[in-house]
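Participant: Please work out how this folds:
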Amino acid sequence: MFGWHGKVLRIDLAHETTRVEEIDPQTARDYIGGRGWAIKVLSDEVDPRVDPLSPENHLIFSTGPLTGTPAPTGNRFMVTTKAPLTGAIACSNSGGMYPTEMKRTGIDMIVFEGRADRPVYVWINVSEADDDPQVDIRPADHLWGERVPETTETLLAETDEKARVACIGPAGERLVKMASIMNDKHRAAGRSGVGAVMGSKNLKAVVVRGTKGVELAEPDAMRDLCAEVRREVAADVKKGSSLRDYGTAYVPIVTNELGILPTRNFQTGVFEGVEGITGVVLTEEYLIRPKACYGCPIACGRRTTLEGTPYGGEGEGPEYETIASLGSACGLDDLGAVTKANYLCNELGLDTISAGMTIACAMEMAEKGILSDDEVGMKLRFGDSDAVIRLVEQMALREGFGDVLAEGSYRMAEQYGHPELAVTAKKQEFPGYDPRGSKGMGLLYATSNVGASHMAGDLAYMEVFGVPVKLDPLSLERKPWYIKHFEDLFTIIDAAGLCVFLSIRYLCDATEDVMPGRMARLLNLATGAEYTVESLLEAGDRVYTLERLFLTKAGFSREDDTLPKRMLEEPMPEGPAKGHVVELDEMLPEFYELRGWDEDGVPTRKKLTELGLV
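Facilitator: Presented below is the predicted three-dimensional model:
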């Protein structure tokens, strides 16, 4: 096979056994890789109604056919499982250096089954002469309780200094509902609680070291196309690139101007303190240097330091979603405090989005008198930097009120009789775009298979940033079509092993229809699979529909494709989106029809037959 190694490593943690299986070439093509292969395995082998934290759930690491190739940003991997935060599917994506190293082991996908009877880590090592990797399941009692940086350093000393480490922190060990899996110390497969599933399996870390390259169908033509894309990126960077200059930290100014920056738990979309949490402040006061993932010409990551400030520490970030959730959503205009909270999330293994939005929800509940200071253990008000930093740590360790926060904002608010104050969809906290001023994002949050997530089909590219062309964010025109299309596009990107930042800007046609022409070319040059744009989009539709089928069997229905009352009934109080709500009921029927689902949101037999799913 080209692009793919065609191999799946299965690790039974309960019996400490491993085996390598080959994947059928037609299945490989039909599901692309990464996210696609993973949902196929999850659907075939896991009961959709299983407890996410039970041994019967699978935890799946998967790369795509473009991971580890010359493709610009071809360096992503997916973590797929049934999610403890939502009860739906988790498809959490990460970059850094780990994905390419995993691909170099000669394995495309790792399936973890069962539960170890004690803490363990897995060491996967391969040389060019080996057909299959060597796999050791080793005791990790000495690592249990350690934070991510210490765990990483210890494991590199025990295995190979050139290896790469993916691990959980104390949050994953304590089964915090928004625990992440961290790789390369600072990169996160963050959303939906994938770290809690890893912790439930007593799996502390997965260490990989490989030397196998990826064989390409047309290597010369592949290199030429990749060079062409890189030249275009370089030309844009030379002209001035917000992502290169400021990382995603430039975004708060943009969203605030549109009136959609999450502020004080989404009570408004305009933050008066926005100037204190921008990319300019990050660059001038805290930046050491930009940081790129493997093979990335953009370098949107930020290596930062707080040395010389009251907070102290050094690490990576924060990026936009973190600034929105731990910053404006909590009423913080102190970027130093946001950066410190971000460092703690990375060290402890927490999703910054859900962590920040859960604290923001608690702050609103406290200001409304629903939570008392005695219950929280401190005075909790919007704008309190010290409280945010303390609660992040308490949440990860399940100490004090942190034990309540660790269940996520929906369960916390429901416990106190006010679930309407949790700004979630399918119990997952919103990312940094208030959908009252970005209507397509509202439909996305409601219908996403993973709960509220911009990474499920981020129409903010067009509604907010005008990439590749600008859409009116307050209009409903064609929004159901765009969301269906973007959900399929993002599924392809995840399955291929690419980063969305480059893919939407440079691998899709710069037209209103945003077709993945270059993406299909790259996949064909890597795999020889002969995708057309149409067949590639069909593959994305197939994967997305199979995920929806899993949700349907898990008990999800149209009732779950909704948004909080605040988004549907409480008009935006100020800014460009003043007076607007999300007209979800006007968009949902058309969306279902475009997807080939019935009026209850269930894929029809006709649709399943068209996609080869029955």
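
Participant: use CA for all of it now, contacts and neighbours both
Facilitator: OK.

Participant: any idea how far T248 is from D458?
Facilitator: As defined by Cα to Cα, to the nearest Å, D458 lies at a distance of 14 Å from T248.

Participant: Show the contacting residues for G327.
Facilitator: The contact partners of G327, taken as Cα atoms under 8 Å, 6 or more residues apart in numbering, are I277, D333, D334, L335, V338, G356.

Participant: now the strands: where do they sit in the stretch 401-550 of the chain?
Facilitator: Secondary structure of the stretch 401-550 of the chain (DSSP state E, counting those that start in this stretch): strands located at 424-425, 428-429.

Participant: What average pLDDT does the first one get?
Facilitator: For strand 424-425, mean pLDDT rounds to 98.

Participant: ok, now stretch 368-386?
Facilitator: 97.

Participant: what's the neighbour count on V533?
Facilitator: Residues within reach of V533, counting by other Cα atoms under 10 Å, total 16.

Participant: That one contacts G517, doesn't it?
Facilitator: Yes: V533 sits in contact with G517 when judged by Cα atoms under 8 Å, with a separation of 6.0 Å.

Participant: tally of neighbours for G276?
Facilitator: When neighbours are defined as other Cα under 10 Å, G276 has 17 of them.

Participant: Excluding chain neighbours, what is closest to it?
Facilitator: Closest residue to G276 apart from its sequence neighbours, by Cα to Cα, 6 or more residues apart in numbering: D333 at 5.0 Å.

Participant: Select, out of the strands of the stretch 401-550 of the chain, the one closest to N449.
Facilitator: With Cα to Cα, the closest approach to N449 among the strands of the stretch 401-550 of the chain belongs to strand 424-425: 10.1 Å.

Participant: Quick check: end-to-end length of stretch 390-409?
Facilitator: Using Cα to Cα, one end of stretch 390-409 lies 17 Å from the other.

Participant: Just the buried positions in it, please.
Facilitator: Counting neighbours by 16 or more other Cα atoms under 10 Å, one finds that the buried residues in stretch 390-409 are 391-398, 401-409.

Participant: what's the average pLDDT for it?
Facilitator: Stretch 390-409 comes out with an average pLDDT of 98.

Participant: just checking, what packs against the strand or helix carrying K238?
Facilitator: Per DSSP states H and E: K238 is located in helix 219-239. Applying 3 or more Cα pairs under 8 Å, 6 or more residues apart in numbering; DSSP states H and E, we find helix 219-239 packed against helix 517-527.

Participant: elements contacting the helix it packs on?
Facilitator: Packing partners of helix 517-527 (3+ Cα pairs under 8 Å, 6+ apart): helix 219-239, helix 533-553.

Participant: Send me that helix as PDB with only the CA atoms.
Facilitator: Backbone C-alpha positions of helix 517-527 (Å, rounded to 0.1, in the frame of the first residue of the first chain) are rendered in PDB as follows:
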ATOM      1  CA  GLY A 517      -9.400  19.800  -5.200                       C
ATOM      2  CA  ARG A 518      -5.800  19.900  -4.000                       C
ATOM      3  CA  MET A 519      -6.700  17.700  -1.000                       C
ATOM      4  CA  ALA A 520      -7.800  15.000  -3.500                       C
ATOM      5  CA  ARG A 521      -4.600  15.500  -5.500                       C
ATOM      6  CA  LEU A 522      -2.400  15.100  -2.500                       C
ATOM      7  CA  LEU A 523      -4.300  12.000  -1.400                       C
ATOM      8  CA  ASN A 524      -4.000  10.500  -4.800                       C
ATOM      9  CA  LEU A 525      -0.300  11.200  -5.100                       C
ATOM     10  CA  ALA A 526       0.300   9.700  -1.700                       C
ATOM     11  CA  THR A 527      -2.000   6.600  -2.000                       C
END
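
Participant: got the contact list for it?
Facilitator: Around helix 517-527, the neighbours that count as contacts under Cα under 8 Å, 6+ apart are 1-4, 65-66, 69, 71, 215-219, 221-222, 225, 496, 503, 506-509, 529-533, 536.

Participant: Over to stretch 369-376?
Facilitator: Residues outside stretch 369-376 that contact it (Cα under 8 Å, 6+ apart) are A362, M365, A366, K379, L380, G400, F401, Y416.

Participant: list the contacts for the second one?
Facilitator: In this case it means M365. Taking Cα under 8 Å, 6+ apart as the criterion, M365 is in contact with L371, A413, L421.
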